[in-house]
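> Give me a model of this one.
(one chain, ligands or ions: 1)
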Amino acid sequence: MKKVVKFGGSSLADAKQFAKVGEIIRSDSSRVYVVPSAPGKRNDNDIKVTDLLYECYELAKDGKNFYEPFLAVKDRYNEIIQGLNLNLSLTESFDEIENKLLNSPEKDYTASRGEYLNGLIMANYLGFEFIDASEVIFFDENGNFDGEKTNSILSPKLEEINNAVIPGFYGLGHDGKIKTFSRGGSDITGSIVASACRAGVYENWTDVSGLLMADPHIVSNPSVIKNITYRELRELSYMGASVMHEDAIFPVKKAGIPINIRNTNSPDDAGTWIVENTARRSKYTITGIAGRKNFCSIMIAKDLMHSQPDFYRKVVQCFEENNIPLEHLPSGIDTMTVIVQESKFIEHEQEVLSRISKIVEPESLEIESGISLIAVVGRSMKSQTGTAAKIFRALADSRINVRMIDQGASELNIIVGVLNEDFERAIRSIYHIFVDVE
Ligand code: ASP
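Below you'll find the predicted structure:
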């Protein structure tokens, strides 16, 4: 079974971190393809190499002197090379980047050099072959990742090569120029490589021991989620939980490859397994809790609205016309409530309200802002009674008023709306009742 291993920026921030990565790869011969990020922060005050490169580009495009950030970039790589005692010089590559910055600076090309140079170092350090991502990863004419073309070139290439390093974050655009994914995109490259070689697992190495059940800034020392399905992860990510780039799920999900999130600084921890399906039960009824602040609710009341089959459609249309995505639509017999993100609604507030008044002539229209949504997610909720009761008991015990409730028929999650000021307390109380008490 082949494993594809992707290492994030903090795992490759300096020679000491590189050495840990080397040990991880050498300890398991099935770790055959390596996808590195650019060197990240060595401490809280440090600057990521990718950010330094963006700075170089911003200066260069205006014809300004870019040597301060550029020298900082060179220093970062030279320090790693020296720290690892490698017989490698990047002078030629540095000159090439400098020339390009001076003569025809390109944003994506400049940013991508962080991964490119780190890939050269990694390949030299491990004795693996270096595959330039611009030769195997492609984007189409609309700038989207071109899976078909990529697989047709990357899959046979990997079949020929036993061990390789493929830098993350970039590929070749339809116009023949380097193009990057959005920030954090090395996760996507790892997933693409795993899918192209039909890996048994995609290991994503970072600086935490997996996905946590709740935000550690809100709950102190939350438990690590051992197993989570792709669908659960989507629900939690949408509500703010973050562990890797959202788009990184799709290539491996399609190929049925599990993702294992691991910690470079604590390699013996099992981490989190992200899978399509699992019979494994979580220790707790819920898998995780996540939430976001600043939603608005618009409550529309009109007697007998149910007897007008087009009522909902007309209301939804008012939001659609203004490009405002709907989050939830809890409803009563003569009321309908629309929950939207405040930031997306406020700009078009008056247009939307006047359209609703005109099209459906409601008896009343009430708006409330400052609402937080909290998603309690778990595949095990379906087969358990009393989950919702527990959530509401936790909130009631903490004297938190629930402004909205939504549970889909999938029973994968229960969403509750509370006031922004109750947000953190609500999450702590739900976590406590399921994890500490259960
Ligand atoms: N180096 C890029 C960034 O900082 C991509 C990555 O790390 O995944 O966004």
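> Point out the residues in the stretch 51-200 of the chain that sit beside the ligand.
Within the stretch 51-200 of the chain, the positions adjacent to the ligand are G114, G168, F169, R183, G184, G185, S186, D187 by Cβ under 6 Å from any ligand atom. Any C-beta I mention is one placed from the backbone N, CA and C, and that applies to glycine too.
> rerun at 8 Å
Proximity of the stretch 51-200 of the chain to the ligand (Cβ under 8 Å from any ligand atom) is limited to residues 51, 111, 114-115, 168-169, 180-187, 189.
> Please tell me which one of the residues you listed counts the most neighbours.
G168 (34 neighbours; other Cβ atoms under 10 Å).
> Give me the nearest residue to it, chain neighbours excluded.
Distance criterion Cβ to Cβ, 6 or more residues apart in numbering; nearest residue to G168, sequence neighbours excluded, is S186 at 2.6 Å.
> what's the one you found in contact with, if anything?
K6, G8, V35, P36, S37, E115, P167, G168, F169 (Cβ atoms under 8 Å, 6 or more residues apart in numbering).
> How about T206?
By Cβ under 8 Å, 6+ apart, the contact list for T206 reads G8, S10, S11, V243, M244, I261, R262, N263, T264.
> Tell me the predicted confidence for it.
If you check T206, the pLDDT there is 96.
> Can you list phi and psi of it for me?
Phi and psi for T206, reported as degrees, to the nearest 10, are phi -140, psi -150.
> before we move on, back to that, so which of the residues of the stretch 51-200 of the chain next to the ligand are in strands?
Judged by DSSP state E, those include T180 as members of strands.
> among the residues of the stretch 51-200 of the chain next to the ligand, which two are most distant?
Spatial extent of those (Cβ to Cβ) is set by the pair D51 and T189 at 18.9 Å.
> what's the spacing between the residue of the stretch 301-438 of the chain found nearest the ligand and I400?
Of all residues in the stretch 301-438 of the chain, S343 sits closest to the ligand, at 23.1 Å by Cβ to the nearest ligand atom. S343 is 24 Å from I400, where distance means Cβ to Cβ, to the nearest Å.
> Likewise for G417?
Applying Cβ to Cβ to G417 and I400 gives a distance of 11 Å.
> more neighbours, the two?
Here G417 and I400 are compared on neighbour count by other Cβ under 10 Å; more neighbours surround G417, at 24 against 20.
> Hmm, that one is touching A375, no?
No. With contacts counted by Cβ atoms under 8 Å, G417 stays clear of A375, the gap being 10.7 Å.
> Mind pulling up the pLDDT for whatever residue of the stretch 101-250 of the chain ends up closest to the ligand?
The ligand sits closest to S186 of the stretch 101-250 of the chain, with a gap of 3.2 Å, by Cβ to the nearest ligand atom. We have a pLDDT of 98 for S186.
> three-state assignment of I374?
Classification of I374 using DSSP: H, G, I helix; E, B strand; the rest coil returns strand.
> try C296
strand.
> OK, contacts around the residue nearest to the spatial centre of the chain?
Ranked by distance to the mean C-alpha position of the chain (Cα atoms, centre = their mean), the top residue is H245 at 2.8 Å. H245 makes contact with F181, S182, G184, G185, D187, I188, according to Cβ under 8 Å, 6+ apart.
> in the top helix by length along the chain, what counts as buried?
Secondary structure of the chain per DSSP state H: the longest helix is helix 107-126. Within helix 107-126, the residues scored as buried using 16 or more other Cβ atoms under 10 Å are 107-126.
> Then stretch 87-100?
L90, F94, I97, E98, K100.
> Make sure the first one is actually in contact with N118.
Looking back up the chat, that one is L90. No. With contact defined as Cβ under 8 Å, L90 does not reach N118; the gap is 10.2 Å.
> Give me the common contacts of the two.
Y77.
> Doesn't I339 lie inside a strand?
Yes. Counting by three-state DSSP, I339 is part of a strand.
> quick one: contacts for it?
F295, C296, S297, L326, E327, H328, L329, P330, I371, L373, M404, G417.
> of those residues, buried ones?
F295, C296, S297, E327, H328, P330, I371, L373, M404, G417.
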